[in-house]
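Peer 1: output the structure for:
(chains A and B)
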Number of protein chains: 2
Amino acid sequence: MSAMPTPLPVIQCCAPLGTPHLSDDEADELERVFKALADRHRVKILNRLLAAGGEAVCVCDFEDMLGLKQSTTSYHLKQLLEAGIIDREPSGKFAYYTVAPGALQRVGELLRP
Amino acid sequence: MSAMPTPLPVIQCCAPLGTPHLSDDEADELERVFKALADRHRVKILNRLLAAGGEAVCVCDFEDMLGLKQSTTSYHLKQLLEAGIIDREPSGKFAYYTVAPGALQRVGELLRP
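Peer 2: Numbering: from 1, shown residues only, chains lettered A, B, ... in the order given. Below you'll find the model as predicted:
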């Protein structure tokens, strides 16, 4: 996976699942978007962000909530960032996260038949 | 994974991602649904089924399309079946598949903030 280029964020990428004759590359892109969501910790991160109603959440809050090491928490945040599902804003000692505007709606649109 | 009970199909399971205070079990359920979609071969299976516009597709067609062994193709179909995203109907020598009615819309609803 390390040789793979950084994927396009979901807002810019991806033919919908119902596209006639989806190519192999398009199937790979969809796999990457769905993989970003397909983890219980990342699901909990998104749930926490949605509960914050648009307010930015500190990385330190995720470490406490998930009970994971800092490096593991960062790994999960990176997966969501690279998929364009969340945004990151450094501020002082910490980084703060929000759900990227329209990102979850966009994933929903990719599923529309 | 083999000790895990068969998950509920997506039509019956899962608190949406935006549920206040998602439990660990609810996060696990969402992980399972998203994991079912998070594979390029399963994406191509769904694309083929959507292209068929509701007509059932023979398992033999997927083997040809994916270029995978029968056992690997069956594995991918089983992941989608267990998630309730597709339905299976045996007929004569083969099994035939369709997208489960409302399943993809339901996944989309789980993502709604």
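
Peer 1: next up, phi/psi of A:Glu89, please.
Peer 2: Here is the backbone geometry of A:Glu89 (degrees, to the nearest 10): phi -130, psi 110.

Peer 1: what's near enough to touch it?
Peer 2: Under the criterion of Cβ atoms under 8 Å, 6 or more residues apart in numbering or on different chains, the contact list for A:Glu89 reads A:56, A:95-98. The way it works is simple: take the backbone N, C-alpha and C, and place the C-beta from them, glycine included.

Peer 1: look up how far chain B lies from it.
Peer 2: 19 Å (Cβ to the nearest Cβ, to the nearest Å).

Peer 1: now do A:Glu29
Peer 2: In terms of Cβ to the nearest Cβ, A:Glu29 sits 9 Å off from chain B.

Peer 1: hmm, A:Gln12 and that residue touching each other?
Peer 2: No - using Cβ atoms under 8 Å, A:Glu29 makes no contact with A:Gln12, being 10.2 Å away.

Peer 1: have a look at the two and say which one is more surrounded.
Peer 2: Shown here are A:Glu29 and A:Gln12; by other Cβ atoms under 10 Å in any protein chain shown, A:Glu29 has more neighbours (21 against 9).

Peer 1: near chain B, which residues of chain A? Just list them.
Peer 2: Chain A has residues A:17-22, A:24, A:27-28, A:30-31, A:34-35, A:37-41, A:43-44, A:46-47, A:50-51, A:99, A:104-105, A:107-109, A:111-113 near chain B, with proximity defined as Cβ under 8 Å from any Cβ of the partner chain.

Peer 1: just to revisit the earlier point, looking at the contacts of A:Glu89, which is nearest A:Asp87?
Peer 2: Among these, A:Thr98 lies closest to A:Asp87 (Cβ to Cβ), at 5.2 Å.

Peer 1: and the residue nearest the centre of chain A?
Peer 2: A:Leu80 (2.4 Å; Cα atoms, centre = their mean).

Peer 1: on that earlier part again, just the buried residues of the residues of chain A next to chain B.
Peer 2: Those of those that meet the buried threshold are A:17-19, A:22, A:27, A:30-31, A:34-35, A:37-41, A:43-44, A:46-47, A:50, A:99, A:104, A:107-108, A:111, by 16 or more other Cβ atoms under 10 Å in any protein chain shown.

Peer 1: now the strands for chain A?
Peer 2: Ranges of strands in chain A, per DSSP state E, are A:57-58, A:86-91, A:94-99.

Peer 1: the first one packs against which elements?
Peer 2: If contacts are counted by 3 or more Cβ pairs under 8 Å, 6 or more residues apart in numbering or on different chains; DSSP states H and E, strand A:57-58 sits against strand A:94-99.

Peer 1: can you list contacts of the helix-or-strand element of chain A with minimal mean pLDDT?
Peer 2: In chain A, no helix or strand scores lower on mean pLDDT, DSSP states H and E than helix A:59-66, which sits at a mean of 93. For helix A:59-66, contacts defined as Cβ under 8 Å, 6+ apart pick out A:41, A:44-45, A:48, A:69-70, A:72-74, A:76-77, A:94-97.
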